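I'll drop the sequence and a predicted model, then ask my questions.
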Amino acid sequence: MTDLLAFAKTIADETRQQIMQILCCSELCVTDVVERLAHDGNEVSQPTVSHHLNLLRETGLVTMRREGRQVYYSLNQDAVAICCGVFLQRFAPEQEIWSLQPHQPPA
């Protein structure tokens, strides 16, 4: 995803930012995301969280994996890094930025 407008619209919502933060280091199902949000003081219904996850998935910022009847979500850190890099290239071209290549695990 390198569409800056879609990226900006997607991350402009505070609840979606919280969901991204929750998913940055774990793969979780929607009920776990709802529980984590509630633990952080943000009571959001399961259908609303599902809606936010779908928007994040449509823009490529979140990936999903099915396991039986469960669906697990995780943050697509490569997509986030690429979008941030494109943003910096466009609006801060004189600044040194990170590589836009996805992280490659060591061989």
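Ah, there it is.

Can you point out the buried residues in the helix or strand of the chain with the lowest mean pLDDT?
One helix or strand of the chain scores below all others by mean pLDDT, DSSP states H and E: helix 77-91, with a mean of 86. Neighbour-count burial for helix 77-91, counted by 16 or more other CB atoms under 10 Å, picks out Q77, D78, A79, V80, A81, I82, C83, G85, V86. Backbone N, C-alpha and C define where each C-beta goes, glycine included.

Could you report the distance from the fourth one to Q18?
This points to V80. Distance, V80 to Q18, using CB to CB, to the nearest Å: 15 Å.

where are the low-confidence patches of this protein?
Applying pLDDT under 70 to the chain flags residues 1-2, 97-107.

So the residue lying farthest from the centre of it: helix, strand or coil?
Ranked by distance from the centre of the chain (CA atoms, centre = their mean), the top residue is E94, with 27.0 Å. Here E94 is recorded as coil under DSSP: H, G, I helix; E, B strand; the rest coil.

Could you confirm N54 falls within a helix?
Yes: counting by three-state DSSP, N54 is located in a helix.

That one - how many residues pack around it?
When counting by other CB atoms under 10 Å, one arrives at 13 neighbours for N54.
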